[in-house]
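In: no sequence on this one, just coordinates:
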């Protein structure tokens, strides 16, 4: 939901300060429209062990759990994992993965494993919420 806040200079100034020949403008805080998602998935980097993944249509809600799962992976082969949202008006998250050595798992394998783990966690939470919802007693 995008809100537009409109105000006019004339609403702040007393009438005796307004000049009749001057053009007063209405200003909008969100004067630029929200742009469509620029990418679905884009992989940047020329090494199989160090990649940046740009995922369109997502933000911190996806970036932070993926980063956490990469850093806390059981194999301990992830050297660095981080994410960023370049600008709040762009619905894009960039996830950076660097592996410790060039002989083990590749960055693609690490991020796929993290996504699979996140999917399993979400399914588990959904099942628990649905189970708890069935046990709720409605008090009237």
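Out: Received it, and whenever you're ready, just let me know what you need. Please read these numbers as outputs of a predicted model, since none were measured by experiment. Numbering: from 1, shown residues only.

In: Show the contacting residues for the residue positioned nearest the centre of the chain.
Out: Note on the chain: the residue nearest the mean C-alpha position is residue 59, at 0.4 Å, using C-alpha atoms, centre = their mean. Residue 59 is in contact with 85, 91, 93, counting by C-beta atoms under 8 Å, 6 or more residues apart in numbering. For every residue, glycine as well, the C-beta is placed using N, CA and C.

In: among the residues you listed, who's most crowded?
Out: Neighbour counts for the contacts of residue 59 were taken using other C-beta atoms under 10 Å; the highest belongs to residue 93, which has 23 neighbours.

In: Find the residue closest to that residue in space, skipping its chain neighbours.
Out: For residue 93, the nearest residue in space outside its immediate sequence neighbours is residue 63; the separation is 4.2 Å by C-beta to C-beta, 6 or more residues apart in numbering.

In: do you know how far that neighbour is from residue 132?
Out: Computed as C-beta to C-beta, to the nearest Å, the residue 63 to residue 132 distance reads 28 Å.
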